[in-house]
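1. I would like the atomic coordinates for the input below:
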Amino acid sequence: MIYLSTDHRGYDLMQKIKKYLEKLGLEYVSVGANTLDPSDSYATFTLKANDLVASDDNNRGIYLCGTGLGTAMGANRNKKIRAVLCPNKKYAYYGRLHNNANVLVMPANYTSFRKAKGIIDTFLNTQFEGGRHIDRLKAISE
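-> Just a heads-up that it's a prediction; the model follows:
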């Protein structure tokens with residue numbers, strides 16, 4: 001399952017992402033924001049999505065906020081979350097290949113929908129390489 005999380009800064013982009021995921025035939029659950037409310041907090045939605053992503057190793061997350069910085073910080077507070085802030089496809093590729101990231105964070109203020117589609121495709125279609133990266137991830141999680 002893919003869990004979606006955004007605050008008001010990513011609301012418009014997330015609406016387009018939802019339609020894109022539907023077009024691809026991918027299932028998702030949005031934990032918010034489900035309305036455009038400038039008083040909402042990325043922290044609330046990030047923590048809620050984290051619990052859901054962390055409940056199964058096969059789950060993935062796509063999170064947005066204005067810069068992606070606060071959301072990435074919040075996401076990585078959960079030991080089962082490996083969130084990567086990806087402003088482009090190369091970051092998404094290496095985030096999955098070397099870091100086995102399970103959460104993609106994008107900066108909504110600086111990411112067009114066209115660019116977001118490429119980043120999402122890369123993130124969802126890149127497999128973890130394993131090998132030497134396994135020990136590194138174990139060390140980080142300890």
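
2. what is the end-to-end distance of stretch 95-110?
-> Taking CA to CA, to the nearest Å as the measure, stretch 95-110 stretches 19 Å from start to finish.

3. swap in stretch 6-16?
-> Start-to-end span of stretch 6-16 (CA to CA) is 12 Å.

4. try stretch 103-120
-> Stretch 103-120 stretches 11 Å from its first residue to its last (CA to CA).

5. which parts of that stretch are buried?
-> Val103, Leu104, Val105, Met106, Pro107, Ala108, Thr111, Ala116, Lys117, Ile119, Ile120 (16 or more other CB atoms under 10 Å). In this view, the C-beta of every residue, glycine as well, is placed from N, C-alpha and C.

6. in strands, which of the residues you listed fall?
-> The strands, defined by DSSP state E, take in Val103, Leu104, Val105, Met106, Pro107 from those.

7. can I get those residues in a markdown table with distance to Gly32 and pLDDT?
-> Putting those into a markdown table (distance: CB to CB, whole Å; pLDDT from 0 to 100) gives the following:
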| residue | distance to Gly32 | pLDDT |
| --- | --- | --- |
| Val103 | 15 | 98 |
| Leu104 | 17 | 98 |
| Val105 | 15 | 98 |
| Met106 | 16 | 98 |
| Pro107 | 18 | 98 |
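
8. isn't Lys48 right next to Val29, touching?
-> No - assessed by CB atoms under 8 Å, Lys48 is found out of contact with Val29, at 10.3 Å.

9. could you report the separation of Asn100 from Arg60?
-> From Asn100 across to Arg60, the span is 11 Å (CB to CB, to the nearest Å).
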